[in-house]
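K.L.:
Would you be able to build a 3D model of this:
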Amino acid sequence: MRWKRAGKIILKIVLSVGILVYLFSQISLLPFWEAFLDARHNYIILAFLLYIIGQMLSAFKWRLVATILGFRRRFKRFLAYYFIGMFFNLFLLGSIGGDVGKVYLLAGRRDSRMRAGYSILADRFTGGMALATIAIIALVSSPSIGVIPLWLKLLHWAGLDIGISSPSIGVISLWLNIGLIGACAAAWILVITFPRFLPFLPWLTQWAKKVKLGDFTVYWSHPGRMSLAIFISFVFQIINIWVFALLGMSLDLGVPLGYYFVIVPLVDLISILPISISGIGVREGSYVGLLYLAGVEPSKGLAFGLLGFLVVMVASLLGGIIYIFGSYPIHLRRRKGGLTPSS
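P.N.:
Residues are numbered from 1 along each chain as shown. Prediction:
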């Protein structure tokens with residue numbers, strides 16, 4: 001098992017390094033360094049501060065959903081756990097390393113790790129729903145950055161021009177937009193009314209009992225708190241998009257603001273795929289490709305992707321400092337006598 005796990009990590013490292021090497025081999029280094037050196041630092045600093053504010057807001061949301069499960073800690077602790085999780089996520093060679101670290105920190109020696117994981121799952125799920133919804137709204141609200149125009153530009157970039165007339169493009173775009181809106185609305189309706197479907201999913205209730213989650217529908221019993229959590233998710237995602245928009249402004253990319261509301265969520269969703277180390281390489285390559293479709297040179301697109309990574313890395317290093325100099329041990333062993341409820 002260890003060799004298999006090590007092999008997966010090595011493959012992810014090879015893929016991340018391979019993509020970055022390929023990207024650098026396809027650009028001129030002089031424009032790349034000029035983009036970095038000429039970047040306006042005031043926009044970068046503002047983006048970093050806004051990113052920190054967004055992470056603090058996300059930590060508050062995590063505390064909100066975790067409190068429903070009985071985890072009662074001060075916001076200061078949740079904030080520390082969250083930044084430590086960011087550090088682990090970036091430097092533990094895996095996209096879920098931070099989530100595992102937060103589970104151990106939150107549960108400690110006494111609380112249920114399953115319930116701690118459930119709080120993180122709820123945090124991630126609400127954030128993902130907000131992210132997907134924002135991306136869909138951005139795609140269908142602007143004809144110039146819709147699904148069909150993006151695909152046509154991508155095909156043209158790959159040298160595969162297909163002869164589709166303008167009226168046909170309009171009809172296809174209309175139906176795709178209707179489909180996206182319908183799918184998004186259906187997903188939200190399913191989430192909101194989920195407890196009504198539980199009688200048809202007895203295996204899900206049994207699974208929840210096995211992993212000691214207690215009442216599987218506990219979040220639906222707190223509509224006020226969950227509505228606030230969902231609202232915070234939307235605010236957080238918008239802040240995150242603005243962070244990258246500011247980085248684009250620092251590099252003078254000349255990309256419309258609405259385009260960031262499409263590419264940032266798309267790249268976030270792509271980089272979640274467990275095929276690289278913390279999305280490194282995949283994220284930068286995605287930004288290069290999507291920005292190229294908007295007329296941005298690959299050298300500037302790569303500078304943009306790496307600049308975004310640097311902002312995340314510096315913020316994550318704060319979590320490392322908190323962990324090293326704070327009293328936040330991760331308890332791998334349990335105390336004898338079993339678990340006790342959170343208080």
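K.L.:
residue ranges with poor pLDDT in this protein?
P.N.:
1-6, 91-96, 142-174, 208-216, 331-343 (pLDDT under 70).
K.L.:
Could I get the contacting residues of Pro265?
P.N.:
Counting by CB atoms under 8 Å, 6 or more residues apart in numbering, Pro265 makes contact with Leu131, Ala132, Ile134, Ala135, Ala138, Gln237, Ile241. Placement of C-beta: from N, CA and C, glycine included.
K.L.:
shouldn't the first one be in contact with Asp268?
P.N.:
Yes: judged on CB atoms under 8 Å, Leu131 makes contact with Asp268 at a distance of 6.1 Å.
K.L.:
can you list contacts of stretch 85-105?
P.N.:
9, 12-13, 55, 81-82, 84, 113, 116-117, 120, 124, 272, 274, 277-279, 312-313, 315-320, 322-323, 328, 330-332.
K.L.:
Now list the buried members of the residues you listed.
P.N.:
Neighbour-count burial (16 or more other CB atoms under 10 Å) is assigned, among the contacts of stretch 85-105, to 12, 55, 81-82, 84, 113, 116-117, 120, 272, 277-279, 312-313, 315-316, 319-320, 322-323, 328.
K.L.:
Just the ones of those in helices?
P.N.:
Judged by DSSP state H, the buried ones among the contacts of stretch 85-105 include 12, 55, 81-82, 84, 113, 116-117, 120, 312-313, 315-316, 319-320, 322-323 as members of helices.
K.L.:
ok, now which ones touch Val282?
P.N.:
Listed by CB under 8 Å, 6+ apart, the contact set of Val282 reads Leu15, Ser16, Ile19, Ile270, Ser271, Leu273, Ile275, Ser276.
K.L.:
let me fix that: Lys76
P.N.:
Contacts of Lys76 (CB under 8 Å, 6+ apart): none.
K.L.:
for Trp220, same thing?
P.N.:
Contacts of Trp220 by CB under 8 Å, 6+ apart are Phe194, Pro195, Met226.
K.L.:
Where does the second one sit: helix, strand or coil?
P.N.:
Classification of Pro195 using DSSP: H, G, I helix; E, B strand; the rest coil returns helix.
K.L.:
That one and Thr217 touch, don't they?
P.N.:
Yes: counting by CB under 8 Å, Pro195 touches Thr217, with 4.5 Å between them.
K.L.:
shared neighbours, these two?
P.N.:
What both Pro195 and Thr217 touch, as defined by CB under 8 Å, 6+ apart, is an empty set.
K.L.:
what about burial for the contacts of Trp220, which qualify?
P.N.:
With neighbours counted by 16+ other CB under 10 Å, those contain buried members at Met226.
K.L.:
Same list (the contacts of Trp220) but as CSV, adding distance to Tyr260.
P.N.:
CSV is the format used below for the contacts of Trp220 (distance: CB to CB, whole Å):
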residue, distance to Tyr260
Phe194, 32
Pro195, 36
Met226, 28
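K.L.:
quick one: which of the contacts of Trp220 is nearest Gly305?
P.N.:
Of all the contacts of Trp220, Gly305 sits closest to Met226, with 34.0 Å by CB to CB.
K.L.:
separation between that closest one and Leu57?
P.N.:
For Met226, the distance to Leu57 equals 16 Å [CB to CB, to the nearest Å].
K.L.:
can you pull out the helices in the stretch 51-200 of the chain?
P.N.:
75-91, 97-107, 113-141, 147-157, 166-192 (DSSP state H, counting those that start in this stretch).
K.L.:
if we can go back for a sec, ok, so of the contacts of Pro265, who is nearest Leu190?
P.N.:
The closest of these to Leu190 turns out to be Ala132 (CB to CB; 13.2 Å).
K.L.:
For that closest one, which residues are in contact?
P.N.:
Contacts for Ala132 were tallied using CB under 8 Å, 6+ apart; they are Cys184, Ala187, Pro265, Leu269.
K.L.:
For those, which single residue is the most surrounded?
P.N.:
Among those, Pro265 has the most neighbours (other CB atoms under 10 Å), with 24 neighbours.
K.L.:
leaving aside the residues next to it on the chain, what's closest to it?
P.N.:
Ala135 (3.6 Å; CB to CB, 6 or more residues apart in numbering).
K.L.:
List the contacts of Phe24.
P.N.:
Phe32, Leu302.
K.L.:
where's it, which helix or strand?
P.N.:
Using DSSP states H and E, Phe24 sits within helix 2-25.
K.L.:
following that helix, which helix or strand shows up next?
P.N.:
Moving toward the C-terminus from helix 2-25, the next helix or strand (DSSP H and E) is helix 29-37.
K.L.:
Return the set of buried residues in that following helix.
P.N.:
Phe32, Ala35, Phe36.
K.L.:
Also stretch 100-112?
P.N.:
Applying 16+ other CB under 10 Å to stretch 100-112 flags Val100, Gly101, Lys102, Val103, Tyr104, Leu105, Leu106, Ala107, Gly108, Asp111, Ser112 as buried.
K.L.:
centroid residue for this protein?
P.N.:
Asp268 (4.9 Å; CA atoms, centre = their mean).
K.L.:
Next one: that residue relative to Gly7, how far apart?
P.N.:
The spacing between Asp268 and Gly7, counted by CB to CB, is 27 Å.
K.L.:
now swap in Leu247 and tell me
P.N.:
From Leu247 to Gly7 the distance is 35 Å (CB to CB).
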